[in-house]
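Participant: have a look at this prediction, sequence included:
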Amino acid sequence: MTTIHATAIVDSQAQLDSSVTVGPYSLIGPNVKVGAGTTIGPHCVIEGHTTIGRDNRIFQFSSLGAIPQDKKYAGEPCELVIGDRNTIREFCTFNIGSPGDLGVTRVGDDNWLMAYVHLAHDCVVGNKTIFANNSQLAGHVHVGDWAILGGFTVVHQFVKIGAHSMTALCTVLLADLPPFVMCQGQPAQARSMNYEGLRRRGFSPERIAVVKAMHKALYRESLTLQLARERIADLVKNSPESVPDVEMMLSFLEQTSPQRGIVR
């Protein structure tokens with residue numbers, strides 16, 4: 001049976017799997033669904049139309065599913081959807097979506113979200129990311145798989161963060177961060193590519209060489225963004241196994257808005 005501490009308050013309409021554990025003084029609202037094996041620590045508040053998958057670990061004092069910090073929000077039934085096997089540490093705040101965008105704030109699978117992380121309305125976080133303490137996302141931010149945000153990273157609304165990218169401590173992101181790029185600063189500037197992270201994830205030397213060539217085209221040859229994209233597209237001719245990496249970069253650059261631009 002579900003293990004619910006005697007001091008926790010779980011609405012009778014909430015849908016919790018029989019293997020879910022709820023700690024002391026936590027509050028679970030009527031529109032919450034929680035999957036098998038998930039543990040909810042003490043003093044958590046989970047409310048709104050919130051769906052949480054399997055085998056998540058939610059630590060004490062987290063607030064999940066509260067209404068967005070958006071003055072235009074008028075009670076619409078927007079959602080928070082969290083996938084499987086995520087670690088959500090102390091004092092995290094994840095808001096539901098807003099009717100002005102997707103209506104859903106979404107977190108994927110196998111993410112490691114440290115203390116005081118904030119996900120505002122309509123953020124989309126992929127899989128296997130790491131958010132260090134006090135990483136803060138404004139509304140409508142999209143984060144790709146395997147991205148790593150250093151402690152106290154602050155991200156402007158509508159910014160996109162590419163897969164395998166990385167930010168340093170106290171980075172302020174005001175522009176889109178392309179895949180693989182490591183950045184630092186206030187505002188952020190590109191410093192290198194996340195080569196060590198790619199090696200740890202099994203990227204071959206040939207694929208890493210192509211990532212280095214993409215970095216050179218974007219940041220070392222004083223090319224316009226359009227010329228850099230053309231140079232990057234040519235890289236697949238001599239490296240067929242790098243096609244997914246090149247396509248991911250080109251797709252990201254194509255979707256970057258002129259108003260936002262990329263980290264330079």
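Facilitator: Alright, I've got the coordinates.

Participant: from now on I want contacts and neighbour counts done on CA atoms only, so please keep to that.
Facilitator: OK.

Participant: determine the longest helix present in the chain.
Facilitator: When the chain is parsed with DSSP state H, its longest helix is helix 205-219.

Participant: I'd like to know which elements whichever helix or strand comes after that one is packed against.
Facilitator: Using DSSP states H and E, the helix or strand that follows helix 205-219 in sequence is helix 225-233. Secondary-structure packing of helix 225-233 (3 or more Cα pairs under 8 Å, 6 or more residues apart in numbering; DSSP states H and E): helix 205-219, helix 243-255.

Participant: just for the stretch 1-150 of the chain, where's the confidence low?
Facilitator: For the stretch 1-150 of the chain, applying pLDDT under 70 flags the ranges 1.

Participant: ok now the longest helix of the chain, how far from the chain's centre?
Facilitator: Its chain's C-alpha centre and that of helix 205-219 lie 24 Å apart, by Cα atoms, centre = their mean, to the nearest Å.

Participant: ok, stretch 11-27 next?
Facilitator: On Cα atoms, centre = their mean, the centre of stretch 11-27 falls 26 Å from that of its chain.

Participant: state the distance from Ala190 to Val263.
Facilitator: 6 Å (Cα to Cα, to the nearest Å).

Participant: between those two, which contacts overlap?
Facilitator: Common contact partners of Ala190 and Val263 (Cα atoms under 8 Å, 6 or more residues apart in numbering): Cys183.

Participant: closest to Asp176 out of the helices and strands packed on helix 225-233?
Facilitator: Between Asp176 and the helices and strands packed on helix 225-233, the shortest gap by Cα to Cα is with helix 243-255, which sits at 8.9 Å.

Participant: who's in contact with the closest one?
Facilitator: Taking Cα under 8 Å, 6+ apart as the rule, helix 243-255 contacts Gly162, Pro178, Pro179, Arg207, Val211, Arg229, Ile232, Ala233, Leu235, Val236.

Participant: out of those, who has the most neighbours?
Facilitator: Pro178 (29 neighbours; other Cα atoms under 10 Å).
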